[in-house]
Every structure is written in C-alpha cells, then in structure tokens.
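Trainee: What follows is a predicted protein model with its sequence.
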Amino acid sequence: MGSSTTGLGSIDLALALAQSALALALVLILGAFHRVYRQAYLRYWAASWLALVVYILGAIAIRWTADAGTGARGAVYLLTFVAAYLQVAFLLLGAWGLARGGGPGRRPVRLALALAVL
C-alpha cells in the first residue's frame with residue numbers, strides 16, 4: 001500500500017511506447033496511401049495519428065518532468081494538450097474530406113486548426 005504513483009511504471013511505459021509505435025506505423029501507412037491515391041483525407045488522417053504520437057510522448061514526458069520547474073512542465077503540458085486537440089481536428093477534417101469526395105477548402109482547415117490550438 002505504500003507504493004508511489006508518481007513514477008512511470010515499466011508496464012505503463014512499455015504500453016505507451018507500443019501505442020506510439022503502432023500509431024507511427026499508421027502514420028507511415030496512411031502517408032504511403034496518400035502518395036499513391038492522392039486523397040486529401042489520407043493526409044489529414046496521417047497528421048491525426050502523428051498528433052496522437054506527440055500526445056502519447058508528451059504524456060510520458062509529463063510524468064518524467066514531475067520534478068522539473070514550472071516553465072518546463074507548462075511547456076510540456078501545452079504541447080501535449082494542443083496535440084490532443086489537433087488530433088481530433090485532423091481526424092474530423094479527414095472525415096469531412098472523405099464524405100464530400102474532396103479535401104475541405106483552406107478557410108475551414110484554418111478555422112478548425114485555429115480552434116484546436118486555441
């Protein structure tokens with residue numbers, strides 16, 4: 001009962017690294033499909049999975065920087081949370097592109113990404 005929960009356990013670390021490796025594999029697969037088929041939704045979905053990789057690695061970094069200064073931890077938190085919102089935005093942009101049969105215009109993309117970052 002006296003175990004500490006502040007450290008990242010080896011099983012948690014292995015699971016997080018496995019998730020990020022599999023998400024990175026999806027990035028590469030979707031990127032290859034985009035190069036072959038030239039569909040915009042594949043590019044957005046690849047970016048979505050890449051944002052998930054950044055989010056997972058940021059979660060690992062948050063656990064490692066628990067004893068760091070406020071500025072360093074704040075920067076890691078900011079990067080991690082922005083990546084999480086960008087993952088959802090890119091996923092929705094890809095779904096929109098698939099449903100409409102073409103990529104969304106520049107204005108909706110800029111609006112979605114701006115809302116995700118804010």
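Mentor: Now that the structure is in, tell me what you want to look at. Numbers count the residues shown, from 1 in each chain.
Trainee: Can you list the low-confidence ranges for this protein?
Mentor: 1-8 (pLDDT under 70).
Trainee: Would you tell me which helix is longest in it?
Mentor: Longest helix in the chain by number of residues, with DSSP state H as the criterion: helix 70-100.
Trainee: and that helix, what other elements does it pack with?
Mentor: helix 40-64, helix 106-117 (3 or more C-beta pairs under 8 Å, 6 or more residues apart in numbering; DSSP states H and E). Just so you know, the C-beta spots here come from the backbone N, C-alpha and C atoms, and that holds for glycine as well.
Trainee: Mean neighbour count, these: which tops it?
Mentor: Highest mean neighbour count among the helices and strands packed on helix 70-100 (mean count of other C-beta atoms under 10 Å): helix 40-64, with a mean of 20.
Trainee: Compute the inter-axis angle for that one and helix 70-100.
Mentor: Interaxial angle of helix 40-64 relative to helix 70-100 (axes from the mean of the first three to the mean of the last three C-alpha atoms, to 10 degrees): 160 degrees.
Trainee: does residue 68 count as helix, strand or coil?
Mentor: coil (DSSP: H, G, I helix; E, B strand; the rest coil).
Trainee: OK, contacts around it?
Mentor: With contacts defined as C-beta atoms under 8 Å, 6 or more residues apart in numbering, residue 68 has no neighbours.
Trainee: Tell me if I'm right that residue 65 and residue 74 touch.
Mentor: No: taking C-beta atoms under 8 Å as the definition, residue 65 is not a contact partner of residue 74, at 9.8 Å.
Trainee: Just want to know which of the two has more residues nearby.
Mentor: Using other C-beta atoms under 10 Å as the criterion, residue 65 and residue 74 rank with residue 65 on top: 15 against 12.
Trainee: ok, that one - contacts?
Mentor: Per C-beta under 8 Å, 6+ apart, neighbours of residue 65: 72-73, 76.
Trainee: Closest one of these to residue 10?
Mentor: Set against residue 10, the nearest of the contacts of residue 65 by C-beta to C-beta is residue 76 (21.1 Å).
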